[in-house]
Structure formats: structure tokens, C-alpha cells
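S.K.: sequence-free structure coming up:
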Ligand SMILES: O=C(O)C1=C[C@@H](OP(=O)(O)O)[C@@H](O)[C@H](O)C1
Ligand SMILES: C=C(OP(=O)(O)O)C(=O)O
């Protein structure tokens, strides 16, 4: 048994002894779990969220909805949500969860209580002002210190007028998802128009639309940069959460960097998750990627990645799938050809400035990396061990362990930050790499 590392420990990322051969089950999707919880809390009756992800971001969402008035029972693997009127004064801890800071204020506006929001130190720098301005435009009273950031208080009056909202969502798709998720409960619904540079992470808006439709909500997606939700009831739903495909990145990367084989059980055949793009990205880097039958998987299938003998570089626009950048950057640093990762200026507003952090930390291991306004480029260079700082960013830790699987001596600062979206990531990772080849693991 591995003991859970504390934030001050350095985690010795295990190097792979040779090509891996693994079959893994991964925890549920953060993005799907938090959308399901939120919609369940404003639905007409009780919902179930099966195979919910149990991690910091999702327990913060459950706590936020509970403090508003909903009943969220997280005692088993299937979480049960029973809506109740939002009436009490409440305090919401957003931690470092963008989905809590952006998605909860529009439903807090339905409360007749005062709801105070705050979060981790870095969360006070992540943008949310567009959501607050939009809510004010819909008639909601919000108190903040004028920075358009945490901390702020939403003072609802028990109902929201709703209607037309124009905002600039070029720094986060979550601004749009936030308003759409609550919109059916507004008197006039909500009609959201984006004006500005292109919206990033569009698959996440498609996910929002799909989950809303599962709840019987009418969503109009005709027209560019416009999404409208009709007013009406939100039906209760029995959700089954897919595995988190973005969190699959470090596991699939193990096949890519060792020339081995990794199968992720229950990879969905169709999904709105951004991580599904890994199938194409890894193919471009020389991996063989295919769906395979997996007898012991609940769906009977999985995704198999077989790594190449020579890992190719990649030239790719990650604007739609920015959260994959840290893992792809680590792969690019290990590739034998040049790479260019483009279109991701917005990830400077993620858990940390990911472009600056990746450039600094991968360079510290020897990578030849150039930081651009909207991306990173790499030329091949040998990596060596060293300390890799993670800046409280779970995906920086994923980048670190990928490098560490290929290069001995990578020591990861604060690997516990992975708890944002993955329970006991380090224990699971170490267990995989300590195992004889050909075994399978649960996550
Ligand atoms: O709606 C969501 O669940 C998410 C949207 C994306 O945010 P941005 O649009 O801010 O990139 C993504 O990066 C984040 O991990 C999850
Ligand atoms: C950007 C991310 O998270 P958040 O939901 O906090 O924005 C992420 O998980 O990569």
C-alpha cells in the first residue's frame, strides 16, 4: 500500500521498466458529474448520478448544492440528489473548481438567500466577471469588490427574469455553460450570444446542451455563437457517468512513451468529452488506436493504444481541447520529431498559467521548448530527472508523471493536487508501474 503524499512531499515518479501491458478502469468524468449534479438539484424530482466521480471538484459541487438546500447523498457509488427549495443563506467554497465557481452562481440566483462564494488563493485570479455581469443584466443582485472575481455574494430574490445575454466567452466556455445550465428555471429562459474571439472548449458546450436535453430541456443551437434555453421544467434523470477521458491521457501516454499497450475499459463509442480527441492525437504521434472487446468491462469493450517504436512529434490546434495540453506537451517533449501545440492562449487562465508552467518545468528536465502567446513548440532534446513543480494544477502532475515514466529521477511536487479530479492518483499510478506486465487495474 502506498501512503497518500502530502503537498510538501516530493513524489518519485516511477520510471517504466519496459513496455507496459495494462488494462485499466478509470474514475468518472468531472465535467459530466458536475453537470449531472447541478441539473439534478434544480429538477422536478430525485435523480441518481451513477458512477459519480468522487474527487475534490465533485465533492465541492455536492457541498455547494447542499448548502443551497438540495439533498445530495454521496454515501454510495451512486449519488442521489433530491431537490428542495433554495432558501437559506449559504457559503460556497469553489476550491479551484471552475465548474463550481462558474456553474453555481446562476442557480444560486434562484435562491431567496444570500450566497457567498470564495475559493483557493489562485481561484481569486481565475475569470468569472462575465458571468456576474450577465447575471446582473438578467436582474440579479451581486456584490463584489469590483474586480469581477472571487469573493462575491449572490443575493437572489427567489426567481430570475432571464432573457437575452451578450458576453465575451473567449477566456472560458464555462461562462456559456453556466448560464445555459440554469436557464430553463428562469422566467424567460436564457438566450446567450457570444461576441469576441472564438470560444474555446466547444465540446464542453455541446456536453452542456446534451445533458440539458437529457433532462428534457429545450435548447436552440441554431446560429453561430448563440445558444438559447427555453423556460420550463427540468426532468429528473438517472445518469450513468462515463470514465473521464481527459484523465485517461497519462494512462494512454504510458503506452505511447514505452512502446507498450494500454486498454481503458468502457471508453464510450460516442461522447462529447474533449478527451476523445486523444484517439486522433495519439494516432498522429504514431500509436495504433482501436476499440477492442474487453470481457470484464461493464460495456464489454474498451480503447486500446499500442505505442510506436519511435514517438512522432505533432503539429496541432488544441483550442477545442485545451485541457489536454499538459499531457500532450509532455509527450511532445519526449517525441523524436518537432511539435507545435497551438490555439490555447485561454489555458493561461486554467488552474495556473499552463503555458508558462509547462515551458518552465519541461525546460527544467532538459526539453527544448519555446513558449508562444497561444502555445508551445518543441524540438527534440534528451530529458533527464529533476524536480517538477505543479502549481496546484492536477494536469501539471499528469505531465510530470508521463515524463517520469520515460526518464528516471523525475520528482513531482504536490502530486496530491491530482485529487481535484482523481482519487489517489499517485497510489494508482505507482501500483500500475510496480505490477508485472499484462495485469489489469481498477481506478
Ligand atoms: O465545462 C467544463 O466542464 C470544462 C470546460 C473547459 O473549460 P475552459 O472553457 O475554461 O477551457 C475545460 O477546460 C474544463 O476542464 C472543464
Ligand atoms: C481547466 C480545468 O478545470 P476547471 O474545471 O477548474 O476549469 C481542467 O480540469 O483542466
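M.R.: Done, it's in. The structure presented is a predicted model; accordingly, all values stated were derived computationally and were not measured. Numbering: from 1, shown residues only. Ligands and ions are numbered 1, 2, ... in the order given.

S.K.: touching, residue 100 and residue 57? I think so.
M.R.: Yes - if you go by Cβ atoms under 8 Å, residue 100 and residue 57 touch, sitting 6.9 Å apart. Quick note: C-beta positions are derived from backbone N, CA and C, even for glycine.

S.K.: who has more neighbours, these two?
M.R.: A count of neighbours by other Cβ atoms under 10 Å puts residue 100 above the other of residue 100 and residue 57, at 27 against 23.

S.K.: what about the strand or helix carrying the more buried one, near ligand 2?
M.R.: Assignment of secondary structure by DSSP states H and E places residue 100 within helix 98-108. Yes - using Cβ under 6 Å from any ligand atom, helix 98-108 reaches ligand 2 at 98, 99.

S.K.: one step back: identify the contacts common to residue 100 and residue 57.
M.R.: residue 34 (Cβ atoms under 8 Å, 6 or more residues apart in numbering).

S.K.: for stretch 48-63, what is the average pLDDT?
M.R.: For stretch 48-63, the mean pLDDT works out to 98.

S.K.: how about the nearest residue to the residue in the stretch 51-200 of the chain positioned nearest to ligand 2, chain neighbours excluded?
M.R.: In the stretch 51-200 of the chain, the residue that lies nearest ligand 2 is residue 98 (2.6 Å; Cβ to the nearest ligand atom). Among residues not flanking residue 98 along the chain, residue 174 sits closest, at 5.3 Å (Cβ to Cβ, 6 or more residues apart in numbering).

S.K.: surely the one you found is in contact with residue 99?
M.R.: Yes - counting by Cβ under 8 Å, residue 174 does reach residue 99; the two are 6.6 Å apart.

S.K.: show the end-to-end separation of stretch 89-106, please.
M.R.: Terminal residues of stretch 89-106 lie 15 Å apart, using Cα to Cα, to the nearest Å.

S.K.: list the buried residues of it.
M.R.: Neighbour-count burial for stretch 89-106 flags 90, 92-106 (criterion: 16 or more other Cβ atoms under 10 Å).

S.K.: next one: stretch 296-307
M.R.: For stretch 296-307, burial by neighbour count (16+ other Cβ under 10 Å) applies to 297, 301, 302, 303, 304, 305, 306, 307.

S.K.: what's near enough to touch the first one?
M.R.: Going by Cβ under 8 Å, 6+ apart, residue 297 touches 25, 265, 266.

S.K.: and the gap between the closest residue to the second one other than its chain neighbours and residue 182?
M.R.: This points to residue 265. Distances taken as Cβ to Cβ, 6+ apart put residue 297 closest to residue 265, at 3.9 Å, once the chain neighbours are dropped. Using Cβ to Cβ, to the nearest Å, we find residue 297 at a distance of 35 Å from residue 182.

S.K.: on that earlier part again, near ligand 1, from the buried residues of stretch 89-106?
M.R.: 98, 99.

S.K.: out of the buried residues of stretch 89-106, which is nearest to residue 115?
M.R.: The closest of the buried residues of stretch 89-106 to residue 115 turns out to be residue 90 (Cβ to Cβ; 4.8 Å).

S.K.: touching, that closest one and residue 68? I think so.
M.R.: Yes - counting by Cβ under 8 Å, residue 68 is a contact partner of residue 90 at 5.5 Å.

S.K.: now the common contact residues for the two.
M.R.: With Cβ under 8 Å, 6+ apart, residue 90 and residue 68 have common neighbours 108, 111, 113, 115.

S.K.: list the contacts of the residue nearest to the third one when sequence neighbours are not counted.
M.R.: Translated: residue 113. Excluding the flanking residues, the one nearest residue 113 by Cβ to Cβ, 6+ apart is residue 89, at 4.3 Å. Shown in contact with residue 89 (Cβ under 8 Å, 6+ apart): 113, 114, 115, 116.

S.K.: and the first one, what is it in contact with?
M.R.: Put plainly, it is residue 113. 68, 86, 87, 88, 89, 90, 156.

S.K.: inside strands: which ones of the residues you listed?
M.R.: Mapping those onto strands (DSSP state E) picks out residue 90.

S.K.: filter the contacts of residue 113 down to the buried ones.
M.R.: 68, 86, 90, 156.

S.K.: what's the lowest-pLDDT member of the residues you listed?
M.R.: Among these, residue 156 carries the weakest pLDDT, at 92.

S.K.: and the spatially closest residue to that one that is not a sequence neighbour, what element?
M.R.: Once flanking residues are discounted, residue 156 sits nearest to residue 111: 4.3 Å by Cβ to Cβ, 6+ apart. Under DSSP H and E, no helix or strand contains residue 111.

S.K.: ditto for residue 358
M.R.: Using DSSP H and E, residue 358 maps to helix 354-364.

S.K.: what does the stretch 251-400 of the chain have sitting close to ligand 1?
M.R.: 322, 323, 346.

S.K.: closest to residue 188 among those residues?
M.R.: Nearest to residue 188 among these, with distances taken as Cβ to Cβ, is residue 346, at 29.9 Å.
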